[in-house]
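J.: The sequence and its predicted three-dimensional model are supplied below.
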Amino acid sequence: MLEIKDLHVKSGDREILKGVNLSVADGQTCILFGPNGSGKSTLLSAIMGYGTTEITQGQILFKGQDITHMTVDERAKLGIGMMMQRPPNITGVKLGDLVRATAKDNCGDDVISEARDFKMESFLDRDINVGFSGGEIKRSELLQLAAQKPDFVLLDEPESGVDLGNIDLIGKKVHDLLYDTKPCGGSKANRSVSSLVITHTGQILNYISADTAYIMKEGRIWCTGRPMDLLKNIREKGYGECIKCRLVKM
Ligand SMILES: Nc1ncnc2c1ncn2[C@@H]1O[C@H](COP(=O)(O)OP(=O)(O)O)[C@@H](O)[C@H]1O
Ligand SMILES: [Mg+2]
């Protein structure tokens, strides 16, 4: 579904990603761990084609197509969707209008009618993210993705800044996004959804069944392994121990 080959990315004057190799198979849920500032969000932005990141070397293939230099809307139309760590406020655009405008297969009205499930019904007439709390921003991002129905989902710390009361709702909605692939509107076929999910706390792993995990460190993929094994190691030893790690070195 996604293959990243020797990806080098600059942000501003600095090289942030220094030769990333990573692949996500069709239908797989992959986890990305890594200390602050290691380049995780930069990688997701580079895959989505969002922001000021500049790809200086390497390739991103999605469903066999080279998307390395495509625009963000071209990638979205091919089926990539992203939940940002810190999405921008968009004054003058109502959340409900965005959900309808970007919905796939005429799903917009179905998703709007489900907004109550996301506790978002009173936000549909508000400007996107303006004055939203941390948990409200995450729920808004998930509502938008529920309408877009991407085949490949990028989630940047879906549980960060979310209180315990909201974690459960967000976890269940992430689960539905990845595994509840019932068609809506004009579409007939169930989809297969793949994902790359950044998590610090690992809490989201209670709601999804992750297949593989990667650790990113200093702009490189340091190692890969089973998600729960890596999380246990990180909790016990921290990322400092990664240097001595004997797991498969990438
Ligand atoms: N526009 C930019 N100019 C310079 N450095 C940047 C820019 N954007 C991000 N960075 C730097 O890139 C590094 C990686 O950031 P990020 O991808 O957000 O890390 P992570 O998500 O792993 O915490 C950080 O040191 C950050 O300060
Ligand atoms: Mg980040």
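T.: Structure received. Fair warning: this is a prediction, and the values are worked out from it, not measured in the lab. Ligands and ions are numbered 1, 2, ... in the order given.
J.: Work out the gap between whichever strand or helix holds Leu178 and the centre of the chain.
T.: Assigned by DSSP states H and E, Leu178 belongs to helix 164-179. Here the centre of helix 164-179 is set off from its chain's centre by 14 Å, with C-alpha atoms, centre = their mean, to the nearest Å.
J.: what about the helix or strand that comes right after that helix, near ligand 2?
T.: Beyond helix 164-179 on the C-terminal side, the first helix or strand identified by DSSP H and E is strand 194-198. No: using C-beta under 5 Å from the ion, strand 194-198 stays clear of ligand 2, coming no nearer than 6.4 Å. (Each C-beta comes from the backbone N, C-alpha and C, glycine too.)
J.: returning to what we had before: can you name the residues in contact with the helix holding Leu178?
T.: With contact meaning C-beta atoms under 8 Å, 6 or more residues apart in numbering, helix 164-179 is reached by 29, 117-119, 135, 138-139, 142, 145-146, 153, 155, 158-159, 162, 193, 195, 197, 203-204, 206-208.
J.: Could you look up the SS state of Asn21?
T.: strand (DSSP: H, G, I helix; E, B strand; the rest coil).
J.: still on that earlier bit, quick one: which of the contacts of helix 164-179 sit in helices?
T.: Gly135, Lys138, Arg139, Leu142, Leu145, Ala146 (DSSP state H).
J.: Out of the contacts of helix 164-179, which end up buried?
T.: 29, 117-118, 135, 138-139, 142, 145-146, 153, 155, 158-159, 162, 193, 195, 197, 203-204, 207-208 (16 or more other C-beta atoms under 10 Å).
J.: do stretch 45-56 and ligand 2 meet?
T.: No: Stretch 45-56 stays out of contact with ligand 2 when judged by C-beta under 5 Å from the ion, the minimum separation being 9.4 Å.
J.: ditto for stretch 141-160
T.: No: applying C-beta under 5 Å from the ion, one finds stretch 141-160 separated from ligand 2 by no less than 6.0 Å.
J.: first to last residue in that stretch, what's the distance?
T.: End-to-end span of stretch 141-160 (C-alpha to C-alpha, to the nearest Å): 13 Å.
J.: Stretch 99-110 too?
T.: 10 Å.
J.: Now do the buried residues in it.
T.: Buried, per 16+ other C-beta under 10 Å, within stretch 99-110: Val99, Arg100, Thr102, Ala103, Lys104, Cys107, Gly108.
J.: that older thread, would you put the C-alpha positions of the helix holding Leu178 in PDB?
T.: C-alpha atoms of helix 164-179 as PDB (Å, rounded to 0.1, in the frame of the first residue of the first chain):
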ATOM      1  CA  LEU A 164      -9.500  10.400  30.200                       C
ATOM      2  CA  GLY A 165     -13.200  10.900  29.500                       C
ATOM      3  CA  ASN A 166     -12.500  11.600  25.800                       C
ATOM      4  CA  ILE A 167      -9.900   8.800  25.300                       C
ATOM      5  CA  ASP A 168     -12.500   6.100  25.200                       C
ATOM      6  CA  LEU A 169     -14.600   7.900  22.600                       C
ATOM      7  CA  ILE A 170     -11.500   8.800  20.500                       C
ATOM      8  CA  GLY A 171     -10.200   5.200  20.700                       C
ATOM      9  CA  LYS A 172     -13.500   3.800  19.500                       C
ATOM     10  CA  LYS A 173     -13.700   6.200  16.700                       C
ATOM     11  CA  VAL A 174     -10.200   5.400  15.600                       C
ATOM     12  CA  HIS A 175     -11.100   1.800  15.700                       C
ATOM     13  CA  ASP A 176     -14.200   2.400  13.500                       C
ATOM     14  CA  LEU A 177     -12.100   4.400  11.100                       C
ATOM     15  CA  LEU A 178      -9.600   1.600  10.600                       C
ATOM     16  CA  TYR A 179     -11.900  -1.500  10.700                       C
END
